[in-house]
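Colleague: show me the folded form of this:
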Amino acid sequence: MRRLRASAGWRSPEPRRGAPVHYLALGDSYTIGEGVAEGNRWPVQLAAALRARGLPVEPPRIIATSGWTTEELSAAIDAAAQQHALLPRYDLVTLGIGVNDQYRGRALDGYALAFRMLLERAIAFADGQGRRVLVPSIPDWGTTPFARSSGRDCVDIAERIDAFNAVAAAVCAQRGVAFIDVTTLGRRKDNLALLVDDGLHPSAALYLQWVARLVRAASAAIA
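Modeller: Numbers count the residues shown, from 1 in each chain. Next up is the predicted model:
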């Protein structure tokens with residue numbers, strides 16, 4: 001797992017000037033922002049945060065739908081490519097996927113293979129540069145009221161989410177991709193109420209906390 005830490009010699013990258021920065025966001029219900037307004041989706045908030053840092057980031061191209069697994073996201077990418085709805089290259093790519101694989105009971109080895117294939121596609125969209133790809137971790141939906149009302153074992157959910165995240169982090173490390181923890185944000189007691197009306201998906205305020213963890217790595221990736 002590549003972790004970005006502040007150090008005495010660390011300096012903020014110089015803002016990129018000139019050509020617009022193209023951003024592709026791939027994912028599921030979290031990426032599409034189930035239950036929040038379009039402007040509050042975390043990729044949209046991230047693009048705004050990058051613009052505030054002087055980076056000319058275009059509105060993100062989002063390929064994401066609630067309920068998608070790794071295979072369904074891959075099929076949607078294929079469909080978008082066939083419709084010539086994607087650029088050949090993006091300056092920043094984010095990939096947030098896996099919660100529905102876990103929810104549907106998928107085995108870890110199957111997820112590992114599918115995630116690896118999707119990550120390679122994300123890197124290809126980033127002109128083959130893993131440093132331009134960011135992967136937020138899978139949130140722990142077992143902490144939510146939805147999970148408690150579902151009758152599922154919340155401890156088991158947490159353990160499975162951790163296992164899926166460990167797999168994704170290991171794959172990212174092999175390819176030089178930044179894996180950013182957002183899971184712990186949803187496990188904080190003071191954040192348990194920061195959900196939309198379905199009692200499952202994060203609110204705009206919680207997504208803003210995601211962006212706070214993502215923005216420095218994103219800025220470094222494209223500056």
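Colleague: neighbours around the closest residue to residue 117 other than its chain neighbours, how many?
Modeller: With sequence-adjacent residues excluded and distances taken as CB to CB, 6 or more residues apart in numbering, residue 117 is closest to residue 74, at 7.0 Å. (Glycine included, C-beta is placed from N, CA and C.) Other residues lying near residue 74 total 17 when counted by other CB atoms under 10 Å.
Colleague: equivalent analysis for the one 3 residues further on, please.
Modeller: With neighbours defined by other CB under 10 Å, the count for residue 77 comes to 19.
Colleague: got it, and residue 148?
Modeller: Residue 148: 12 surrounding residues under other CB under 10 Å.
Colleague: show me what the helix or strand of the chain with the lowest mean pLDDT is packed against.
Modeller: Lowest by mean pLDDT, DSSP states H and E among the helices and strands of the chain is helix 145-150, with a mean of 94. Applying 3 or more CB pairs under 8 Å, 6 or more residues apart in numbering; DSSP states H and E, we find helix 145-150 packed against helix 154-174.
Colleague: can you pull the buried residues of the helix it packs on?
Modeller: 157, 158, 160, 161, 164, 165, 167, 168, 169, 171, 172 (16 or more other CB atoms under 10 Å).
Colleague: the residue nearest to residue 117 in helix, strand or coil?
Modeller: Three-state call for residue 74 (DSSP: H, G, I helix; E, B strand; the rest coil): helix.
Colleague: that one touches residue 120, doesn't it?
Modeller: No - using CB atoms under 8 Å, residue 74 is not in contact with residue 120; the gap is 10.6 Å.
Colleague: quick check: neighbours shared by these two?
Modeller: Taking CB atoms under 8 Å, 6 or more residues apart in numbering as the contact rule, residue 74 and residue 120 touch no residue in common.
Colleague: quick check: phi and psi at the residue most central in space within the chain.
Modeller: The chain has residue 96 as the residue nearest its centroid, 3.2 Å off, counting by CA atoms, centre = their mean. Main-chain dihedrals, residue 96, degrees, to the nearest 10: phi -120, psi 100.
Colleague: pretty sure it contacts residue 30?
Modeller: Yes - counting by CB under 8 Å, residue 96 touches residue 30, with 5.6 Å between them.
Colleague: overlap in contacts, these two.
Modeller: 64, 136.
Colleague: need the contact partners of stretch 75-89.
Modeller: 22, 24, 26, 61, 63, 65, 68, 121, 125, 126, 127.
Colleague: this completes my enquiry, with thanks.
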